[in-house]
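**Student:** for reference, the sequence and a predicted model appear below.
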Amino acid sequence: NAGVMQNPRHLVRRRGQEARLRCSPMKGHSHVYWYRQLPEEGLKFMVYLQKENIIDESGMPKERFSAEFPKEGPSILRIQQVVRGDSAAYFCASSPGHTDTQYFGPGTRLTVL
Amino acid sequence: DQQVKQNSPSLSVQEGRISILNCDYTNSMFDYFLWYKKYPAEGPTFLISISSIKDKNEDGRFTVFLNKSAKHLSLHIVPSQPGDSAVYFCAADYRGIADKLIFGTGTRLQVFP
């Protein structure tokens, strides 16, 4: 049973470009969570999605950031017009239900030049 | 507002001895606590969890203790092994109300021979 998959593992963007981060949850998991880790900090919650629905986006910046989890395909975290402060590791986690343990992917390390 | 705190950024322990990692929280609504282990350039790996209705949970070499009155939990690793060297994150959740993990800033454990 494959774990949570994220791609790309590393992403380099110039200021003003768009970044798209993908997350495929574990088989049988329909709940997806995105977290961001800035250097020397813990992980910070961004958004919680179920298939086709955003359940909680209280941790998402109000502008430039969006997330989706379509009926088919991976969950996507999209960052428009990236700035240097967006440079971080972005982790996706999945769980089978909303009260179950979250399992994390390997992360995408975004570098904004 | 740091709701989950790990006040020791690092800990060094000799192989075979006990490692004790500490975590404090401020929000009394948290009802579930987890420990994750993280190696560099990888995602967090779930280790062990505890519900607020318990005060201890054990899994092999890992034991988590919860003191609700003190809002404190600790992870004990006995005996410590070099492969345990990693960053350990404490996380808290309030299931039934929200499903976002609140992470501490991590403790870097080094186990030396």
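**Tutor:** Here it is on my side, so go on.

**Student:** could you use CA atoms for every contact and neighbour count after this?
**Tutor:** Will do.

**Student:** got any ranges where chain B has weak pLDDT?
**Tutor:** Flagging of chain B using pLDDT under 70 yields the residue ranges B:96-98.

**Student:** which parts of it sit against chain A?
**Tutor:** Counting by CA under 8 Å from any CA of the partner chain, chain B comes close to chain A at B:41-46, B:89, B:95-96, B:99-106.

**Student:** residue B:5 contacts residue B:104, correct?
**Tutor:** Yes - counting by CA atoms under 8 Å, residue B:5 does reach residue B:104; the two are 5.0 Å apart.

**Student:** what's the overlap in contacts for these two?
**Tutor:** Common neighbours of residue B:5 and residue B:104 are listed as residue B:23 (criterion: CA atoms under 8 Å, 6 or more residues apart in numbering or on different chains).

**Student:** these two: who's more crowded?
**Tutor:** Set side by side, residue B:5 and residue B:104 show more neighbours around residue B:104, with 25 against 21, by other CA atoms under 10 Å in any protein chain shown.

**Student:** now for the residue nearest to residue B:30 when sequence neighbours are not counted, how many residues are close by?
**Tutor:** Spatial nearest neighbour of residue B:30, chain neighbours left out: residue B:94 (4.5 Å); criterion: CA to CA, 6 or more residues apart in numbering or on different chains. For residue B:94, the neighbour count with other CA under 10 Å is 19.

**Student:** what do you get for residue A:84?
**Tutor:** Using other CA under 10 Å, residue A:84 has 14 other residues around it.

**Student:** that one - nearest residue in space that isn't next to it in sequence?
**Tutor:** residue A:112 (5.0 Å).

**Student:** wait, that neighbour touches residue A:81, no?
**Tutor:** No - in this structure residue A:112 lies outside contact range of residue A:81 using CA under 8 Å: 10.3 Å.

**Student:** which neighbours do the two have in common?
**Tutor:** In contact with both residue A:112 and residue A:81: residue A:15, using CA under 8 Å, 6+ apart.

**Student:** the more surrounded of these two?
**Tutor:** residue A:112 (19 against 16).

**Student:** OK, contacts around the more buried one?
**Tutor:** Neighbour list for residue A:112: A:12, A:13, A:14, A:15, A:82, A:83, A:84, A:85, A:86, A:87 [criterion: CA under 8 Å, 6+ apart].
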